[in-house]
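Asker: quick one: sequence plus predicted model below, questions after.
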Amino acid sequence: MSHMLKAISFLLFGFLFFCSSWAVDDAQPFADLSLQSRYETLTHQLRCLVCQNETIADSGASLASDLRRELREQLAAGKSDDEVVKFMTDRYGAFVLYKPPFEPRTWLLWLGPVLLLLLGVVVAVRVIRKRSLMAIDILDDSDEDRKQSDQA
Amino acid sequence: MMWKFLLPAGVFAILVGFFFVGLSRDPSQVPSPLIGKVAPTYSLPRVEDTTQKVSSSDFAGKQHMVNVWATWCVECRKEHSVLLEIAKKNVVPIVGLDWKDELTSAQIWLAQLGNPYLATAFDEKGRVAIDFGVYGAPETFLIDAEGKVRYKHIGSLTMDVWEHEFLPRIDGRIK
């Protein structure tokens, strides 16, 4: 029995590698490691506009491979990260950035969750306070008090 | 006391507003940052005759349309008859940008289906398409006499789109 369990776990373990080993990007890596790491960081920051929930690092679309080629060539030519990103946003707009920039147009997007959280805290505090007051009222069993609290 | 009931209703109304706008938008239509800016320049071999070049400077000072297409693009085949019809009206010239395609297939396409283009540029590597911010075919740009991008349509052209989106933006025409 334990042999079979072992075999199954080996098999499952094998699948784990099987899934992750399929990389989309088949380009020759840069000889320069720092260039390669910049390249990888940038490809994970840019959106593939054909399949919008994928970065160009993960997308198999031909546009993504064109954009990766563009990226490689520009990095090899000595362009800075900012210059490359500007090249992309000039052509495809801010939407090409996987992480939206913090600007007036996106304030609500970035701050909305915080605002909602604050609103929730305010509501929760009010409700809890009221409930605890009600609990005191119930414990206090005098008819006088109950009358007063009813009127309030 | 009343506000306690109005507040959730108000929040709900705001959410409905957000969803109404958000969900009625088509997420595949990404607005182009090129609108109002000078169109990219290019110089590419001509599909009809690769010994010739098609350059953006050929159309300097003339308003024209740039239509991005490819023979692998199914929508483009649907769109082709509309392009032919628009070309027949002789309002603005249409320049083709054949995007990441095979030359012979493109030549056969134009020979068989008819050629609505003044000239078609062959963008084999898709570099000019990147400059135009193209992310899917077909896409159509309207470029004015100053060389600025005036409008971009994503997806198939129809006569309806031509009449309502392109014609009103074309100079020298009274709608």
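Answerer: Now that the structure is in, tell me what you want to look at.

Asker: run through chain B and note the low-pLDDT ranges.
Answerer: Applying pLDDT under 70 to chain B flags the ranges B:1, B:172-175.

Asker: show me where it has its strands.
Answerer: B:43-45, B:53-55, B:64-69, B:94-99, B:119-123, B:139-143, B:149-154 (DSSP state E).

Asker: could you state which residue of chain A sits nearest its centroid?
Answerer: Nearest to the geometric centre of chain A sits residue A:99, at 7.8 Å (CA atoms, centre = their mean).

Asker: and residue 64, what is it in contact with?
Answerer: Let's take chain A. A:24, A:48, A:50, A:51, A:54, A:56 (CB atoms under 8 Å, 6 or more residues apart in numbering or on different chains). Any C-beta I mention is one placed from the backbone N, CA and C, and that applies to glycine too.

Asker: let me rephrase: I mean chain B.
Answerer: The contact partners of residue B:64, by CB under 8 Å, 6+ apart, come to B:92, B:93, B:94, B:95, B:118, B:143.

Asker: can you list the residues of chain B near chain A?
Answerer: B:27-28, B:30-34, B:100, B:125-127, B:129-133, B:135-136 (CB under 8 Å from any CB of the partner chain).

Asker: please indicate which of the residues you listed are buried?
Answerer: B:30, B:32-34, B:100, B:126-127, B:129-133, B:135-136 (16 or more other CB atoms under 10 Å in any protein chain shown).

Asker: in JSON lines, list these along with distance to residue A:137.
Answerer: Converted to JSON lines, those look like this (distance: CB to CB, whole Å):
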{"residue": "B:30", "distance to residue A:137": "58"}
{"residue": "B:32", "distance to residue A:137": "63"}
{"residue": "B:33", "distance to residue A:137": "62"}
{"residue": "B:34", "distance to residue A:137": "67"}
{"residue": "B:100", "distance to residue A:137": "75"}
{"residue": "B:126", "distance to residue A:137": "74"}
{"residue": "B:127", "distance to residue A:137": "76"}
{"residue": "B:129", "distance to residue A:137": "72"}
{"residue": "B:130", "distance to residue A:137": "70"}
{"residue": "B:131", "distance to residue A:137": "72"}
{"residue": "B:132", "distance to residue A:137": "71"}
{"residue": "B:133", "distance to residue A:137": "66"}
{"residue": "B:135", "distance to residue A:137": "64"}
{"residue": "B:136", "distance to residue A:137": "65"}
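
Asker: among those, which pair sits farthest apart?
Answerer: By the measure CB to CB, B:33 and B:100 form the most distant pair in these, at 22.0 Å.

Asker: care to break chain A down by domain?
Answerer: A:22-101, A:106-151 (automatic domain parsing).

Asker: Serialize these to a markdown table and add fields for mean pLDDT.
Answerer: Shown next, in a markdown table, are the domains of chain A (pLDDT from 0 to 100):
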| stretch | mean pLDDT |
| --- | --- |
| domain A:22-101 | 90 |
| domain A:106-151 | 80 |
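
Asker: which one of those domains is the most hemmed in?
Answerer: Comparing these by mean neighbour count (mean count of other CB atoms under 10 Å in any protein chain shown), domain A:22-101 ranks first with a mean of 16.

Asker: tell me how far it is from the chain's mean position?
Answerer: Relative to its parent chain, domain A:22-101 has a centroid offset of 18 Å by CA atoms, centre = their mean, to the nearest Å.
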